[in-house]
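Student: What would the 3D arrangement of this be:
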Amino acid sequence: MTRGCRWWLGLAALLLLLPLPVAEAEEAPWVVPSDAALALRDPDRFAWRLFVAINWPAREDESAPDETAPLGAPRPVVWETWALASDVYLPDGRKPPAWPDVSHRLGDERDPDERPVQQTLIRDTRPTPPGTQGHQKDEVRMNRAAFDYVRDQGLYSIDGQERRFYQRRPVAFPPDAMEIKAVWRPIPEGQKARYHWAVISDEPDGKERLYGLTSLHVMAKVLPRWLWMTFEHVDNPFRHGIHDEGWLIPSRDTVACPQAPHDCGELPAGFGLEGTVFENYRLRGTQTDFTDDYGRPVHLANSELETGFQRTASCMTCHVRSTIGPRVNAAASFEFGAGYKDHELAPPEATRLPVFRQNEDGSFESYYGVPETAWFRLPDTGVSSFDTYLQLDYVYSMMRAAFEAPPSP
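Tutor: Numbers count the residues shown, from 1 in each chain. Modelled structure (predicted):
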């Protein structure tokens, strides 16, 4: 045996005598995961860990999990203590109050708008709310990291977003920013054991009703283009509201369904969901890129948030069109006076890319696949001018912003 071989054998024997390293303990289930490598490598597992963490019962005095409470306790959860979009984008475009004044939205505090958010974006008229009694609640919330960024960067008003456009400064949320869209529906008392629920006061008639959470869509900036994940209640494919439709694209969950095509619709084990109301929720899928390895567009849809265009829905491609451009006054391009057609005077409006494209038959489609450079070009005037919309880092809630009120004379 050579000296080199004896040296290696001696080293191997020494290593066998050393104590084995202690495996790093997994984070507590109420801790929001932040591992970008996990989010990219195993997004479905990351999604379920995040789902558990943000659905952990919240402390009553702050926006934090109550480590002493069990998952599924009939109480408001962490994401319900985040800031509502209506608390961030105020009607007169003024700066919202600091986080402690807006974050404690427990139980009955919800956005008063009962219109389905996505349906509102594609229609000029107010759509009839779906739901068994016409009382569906949609809400958008953001965690403190997202809220502080919008507030500190002055993005809570159209004016602030336009200033960013003219400065040509990119919008980039911090890695711990998150935003959710939730859908609630009235449920009977006997269904409380199957839903995360809340008693919510209805704006039209002021009555308090029992609501169950039916959908939860989450976007997390743990990845540069965000990680997109959407969850639905198992009852959703079987609802009978006027806007309801089944699950038109299959779910995909590689954790619960490790065998391809990953659409078994089962509950994943190992997350503590069994025996809680959250065992009735399913991951419909996650998204980390515009296309798959074959160049095919990645689709991800929530049947309640993307009603009417599920088959074309793609979170990333849709949200990449969240933009702001220069303020435009269409009427100003016409000459007024005798001999000219009358054109109604109007103040200028913010310019943004449309969210949807309309087909000849009147139906709407979502954008999907790889974004096209031409989408973001402003109309070419042939002279030196601003030529590109500013992307708002995929955050569509910024469309809720209003113009700043003019100063008092």
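
Student: CA only for contacts and neighbour counts going forward, please
Tutor: Will do.

Student: quick one, strands of the stretch 1-150 of the chain?
Tutor: 83-84, 137-142 (DSSP state E, counting those that start in this stretch).

Student: out of those, which comes closest to residue 406?
Tutor: Closest to residue 406 of the strands of the stretch 1-150 of the chain, according to C-alpha to C-alpha: strand 83-84, at 24.8 Å.

Student: possible to save the strands of the stretch 1-150 of the chain as JSON lines with distance to residue 296, mean pLDDT and mean neighbour count?
Tutor: Below are those laid out as JSON lines (distance: least, C-alpha to C-alpha, whole Å; pLDDT from 0 to 100; neighbours: other C-alpha atoms under 10 Å):
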{"stretch": "strand 83-84", "distance to residue 296": "35", "mean pLDDT": "90", "mean neighbour count": "25"}
{"stretch": "strand 137-142", "distance to residue 296": "30", "mean pLDDT": "89", "mean neighbour count": "24"}
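
Student: Check the gap between the nearest residue to residue 281 once chain neighbours are set aside and residue 76 for me.
Tutor: Leaving aside its sequence neighbours, residue 281 sits nearest to residue 233 (C-alpha to C-alpha, 6 or more residues apart in numbering; 4.4 Å). Going from residue 233 to residue 76 by C-alpha to C-alpha, to the nearest Å gives 18 Å.

Student: ditto for residue 144
Tutor: Separation of residue 144 from residue 76 (C-alpha to C-alpha) stands at 17 Å.

Student: Likewise for residue 90?
Tutor: 24 Å.

Student: Those two: who's more crowded?
Tutor: Remark: of residue 90 and residue 76, residue 76 carries more neighbours, 22 against 18, as counted by other C-alpha atoms under 10 Å.

Student: My guess is that one contacts residue 57. True?
Tutor: Yes. Contact criterion C-alpha atoms under 8 Å: residue 76 and residue 57 qualify, at 5.9 Å.

Student: returning to that earlier point: what's the burial count for the residue nearest to residue 281?
Tutor: Look at residue 233: counted by other C-alpha under 10 Å, it has 21 neighbours.

Student: and what of residue 85?
Tutor: Residue 85 has 23 neighbours, counted by other C-alpha under 10 Å.

Student: now swap in residue 189 and tell me
Tutor: Residues near residue 189, counting by other C-alpha under 10 Å: 10.

Student: just residue 31 next, same as before
Tutor: 16.

Student: How about residue 298?
Tutor: Residues lying near residue 298 (other C-alpha under 10 Å) number 21.

Student: Next: residue 153.
Tutor: The number of residues near residue 153, taken as other C-alpha under 10 Å, comes to 13.

Student: what's the answer for residue 387, then?
Tutor: 15.

Student: Assess the claim that it and residue 379 are in contact.
Tutor: Yes. Here residue 387 reaches residue 379: they are 7.2 Å apart, a contact under C-alpha under 8 Å.

Student: Just put the strands of the stretch 1-150 of the chain in a markdown table and tack on distance to residue 216.
Tutor: Listed next are these as a markdown table, based on distance: least, C-alpha to C-alpha, whole Å:
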| stretch | distance to residue 216 |
| --- | --- |
| strand 83-84 | 14 |
| strand 137-142 | 10 |
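
Student: Quick one: closest of these to residue 302.
Tutor: Comparing these by C-alpha to C-alpha, strand 137-142 comes nearest, at 13.0 Å.
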